[in-house]
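**Student:** mind folding the following:
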Amino acid sequence: MNNKFDVIVIGAGPAGSLSAYYLSRKGVRVLILEKCRMPRYKICGGGVQSKVLDLLPFDILQISHKTIHDLVFTKNFVDPFSRHFDKPLMYCFMRDELDQFLLEKAIEQGSTLIDGVEIKGIDENEKITVATSMDIYYSDFLIGAEGPNGITAKTLGLTTKDYSSLALEAELYPDSKTFEAFSGSVTIDWGTVNGGYGWIFPKKDHLSIGTGAFFPGGKYVKQYFDQFLVANQLKKEDIKSLKAAILPHRISDKRIYSSRTILVGDAAGLVDPFSGEGINNALISASLAGNFLFELMNGKRKDISEYQGVIDSRLLKENITGHEIRMIFNFIPGISHKLLKSNDRVWNSMAKIFSGEKNYVDVSKRFGKYWRPLYFISQKFNSSKTP
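**Tutor:** Next up is the predicted model:
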C-alpha cells in the first residue's frame, strides 16, 4: 500500500470519519487511523439534534433507534413531570452503529482505513509523519480526531480543555414491562449532584443510562449512578456494559491547530458545557474542518491559523454561553425545575434548544441586562459550594 496521503485522520469517531468523508468526496487522498477494531462500543447517550441532520449530505435516520418528542424530568429523584414537543427533540443512536455508518460513508468516497493500530509518534515538519505499530505514513496535513487526551494534541503541545467532566454510562436490558415504561421518552434527573445530571435514553431493545458531573462533583458520579438506578427501580444485574469517560470542555481561545494539524470534536474540547453532549459539535466541526482543509490545499485560505476563527466563530460563543447557563442552573436548580414544569415559555425555549431551533445565545439575550449580574452571582455561588 502507498504510505503517502494528502491528509491523515487519527480517530474514526463521528468527527474523524465525517471530516474524511468531506475531503474524500472532493478527491483528497485520506488515511484514517484508528486504535480499535471497528465497529467498537463507545460510551455515549447517543442523542443527536435535528439541526445536525441538516448538515449531513446523507440520511442517518435509517440507523436511529428512537425519535424523541417527550422528556421526563425529576429533581433529586422526586417531583417528576413530563413535557411534550410536537417536533422531534432529538434522535437516539448507538454510537458503535453511528460511527460505523459514518466510517463506511467515508470509505465509499475513497478514504482508506487502518484500524487496530497504535500511534507511536507524530512529527510535523515539512510533512506530517505518523509512526504506527504497523508502518510509517506521510501526509501534507493531519486531523486529530481521537477524542480527549489524544496523542495528537499531546505530541504537538496543544492543551485545548479549560475543565473536564466525568460520565459513567451503562447499557441496561430490563424486563419488557420496565423497558416499555421508559421507551417513549428521555428521562433526566438534575439538582442531585452539583454540576451534574442523570439520563436514560431509550434504544430499540434496551436503555442507555448514565450519570455525569463537572469536577469537583465528578467524584460523586458512581454514587449518583447507583442512587439513580434505585430511584428508577432498575437492576444492576440487567447491566451488560458499564464504562466511564472524561469529557473536555473548551470555553476560551485555546489553540486548536499547529503548523500542519487541526483538531476536531472532543479532541478540540468541543463537548457542550451545559449538557455534556459531544456528537452535535463533533459533526459541526467535522463539516467545517473538511471544507477548510480543502480550501487551504487549493489556495483559497492563506494560512492554517484561520481554522481557529472558523471553529470559534461558530461554536466558541455558544459553548461559553452554555457554560454560563450551567452555572446559573446550579445556582437555582429548584427554581429552574419549577419554571420548566409550570411555564410554557420556559419549556418551549428549552425544547427549541434540544431540537436545534434555538441556541444558548438566543436564551441569554432574552435576559437582557440581567444576564451578566445573574451569571456573576452564580459564579460566586458555585465556587464556594460543595457537591
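**Student:** gap between the closest residue to L89 other than its chain neighbours and S133?
**Tutor:** Distance criterion CB to CB, 6 or more residues apart in numbering; nearest residue to L89, sequence neighbours excluded, is F354 at 4.3 Å. Backbone N, C-alpha and C define where each C-beta goes, glycine included. As judged by CB to CB, to the nearest Å, F354 and S133 stand 42 Å apart.
**Student:** higher neighbour count, these two?
**Tutor:** When neighbours are counted by other CB atoms under 10 Å, F354 comes out ahead of the other of F354 and S133, with 21 against 10.
**Student:** dihedrals phi and psi, that one?
**Tutor:** Per-residue torsions, F354: phi -60, psi -40 (degrees, to the nearest 10).
**Student:** likewise for M297?
**Tutor:** phi -70, psi -20.
**Student:** ditto for the one 3 residues further on
**Tutor:** Dihedral pair for K300: phi -90, psi -10, per degrees, to the nearest 10.
**Student:** cool, I262 as well?
**Tutor:** Dihedral angles for I262 - degrees, to the nearest 10 - are phi -130, psi 150.
**Student:** now it: closest residue in space that isn't a chain neighbour?
**Tutor:** Using CB to CB, 6+ apart, the closest residue to I262 is Y307 (4.9 Å).
**Student:** check whether that neighbour really touches S259, as I assumed.
**Tutor:** No - if you go by CB atoms under 8 Å, Y307 and S259 don't touch, sitting 11.6 Å apart.
**Student:** more neighbours: which of those two?
**Tutor:** Y307 (24 against 14).
**Student:** any idea how far the more buried one lies from I8?
**Tutor:** 16 Å.
**Student:** F73 too?
**Tutor:** 44 Å.
**Student:** equivalent analysis for K35, please.
**Tutor:** 14 Å.
**Student:** neighbour count winner among the two?
**Tutor:** Remark: of K35 and I8, I8 carries more neighbours, 27 against 18, as counted by other CB under 10 Å.
**Student:** low pLDDT regions in the chain?
**Tutor:** 1, 217, 381-387 (pLDDT under 70).
**Student:** work out which residue lies at the spatial centre of it.
**Tutor:** G278 (0.4 Å; CA atoms, centre = their mean).
**Student:** could I get the contacting residues of that residue?
**Tutor:** Residues near G278 by CB atoms under 8 Å, 6 or more residues apart in numbering: C44, L247, G265, D266, L270, V271, D272.
**Student:** so where do the helices sit in the chain?
**Tutor:** For the chain, the helices defined by DSSP state H occupy 14-24, 50-53, 95-108, 151-156, 176-182, 221-231, 279-297, 306-331, 333-342, 344-355, 360-366, 371-384.
**Student:** and the longest one with helix 344-355, angle?
**Tutor:** Meaning helix 306-331. Between the axes of helix 306-331 and helix 344-355, defined by axes from the mean of the first three to the mean of the last three CA atoms, to 10 degrees, the angle is 140 degrees.
**Student:** report the angle between helix 306-331 and helix 279-297.
**Tutor:** Going by the same axes, to 10 degrees, helix 306-331 makes 160 degrees with helix 279-297.
**Student:** distance between helix 306-331 and the chain's centre?
**Tutor:** 13 Å (CA atoms, centre = their mean, to the nearest Å).
**Student:** using neighbour counts, pick out the buried residues of it.
**Tutor:** 307-308, 310-312, 315-316, 318-331 (16 or more other CB atoms under 10 Å).
**Student:** for that helix, packing partners?
**Tutor:** Here helix 306-331 touches helix 279-297, helix 360-366, helix 371-384, going by 3 or more CB pairs under 8 Å, 6 or more residues apart in numbering; DSSP states H and E.
**Student:** just to check, D135 is in contact with N3?
**Tutor:** Yes - contact criterion CB under 8 Å: D135 and N3 qualify, at 6.2 Å.
**Student:** so what touches stretch 119-128?
**Tutor:** 8, 10, 33, 35, 129-133, 138-142, 151-152, 155-156, 258-261.
**Student:** any idea how far the closest residue to F367 other than its chain neighbours lies from K35?
**Tutor:** Closest residue in space to F367, ignoring its immediate chain neighbours: L374 at 6.7 Å, by CB to CB, 6+ apart. Remark: distance between L374 and K35 (CB to CB) = 44 Å.
**Student:** also Q109?
**Tutor:** From Q109 to K35 the distance is 22 Å (CB to CB).
**Student:** check contacts around V48.
**Tutor:** I60, S64, M90, Y91, C92, F93, L98, I279, N280, L283.
**Student:** report the two of these separated the most.
**Tutor:** Farthest pair in the contacts of V48 (CB to CB) is C92 and L283. Separation: 15.4 Å.
**Student:** neighbour count: these two, which is higher?
**Tutor:** Neighbours per residue, other CB under 10 Å: of C92 and L283, the larger number sits with L283, 27 against 19.
**Student:** pull the contacting residues for that one.
**Tutor:** So L283 contacts P14, A15, L18, V48, V52, L55, L56 (CB under 8 Å, 6+ apart).
**Student:** ok, the closest residue in space to it that isn't next to it in sequence - how many residues close by?
**Tutor:** Nearest residue to L283, sequence neighbours excluded (CB to CB, 6+ apart): V52, at 5.1 Å. Using other CB under 10 Å as the criterion, V52 is surrounded by 20 other residues.
**Student:** try the one 3 residues further on
**Tutor:** A count of nearby residues for L55, using other CB under 10 Å, gives 13.
**Student:** right, and it touches I284 too?
**Tutor:** Yes - if you go by CB under 8 Å, L55 and I284 touch, sitting 6.5 Å apart.
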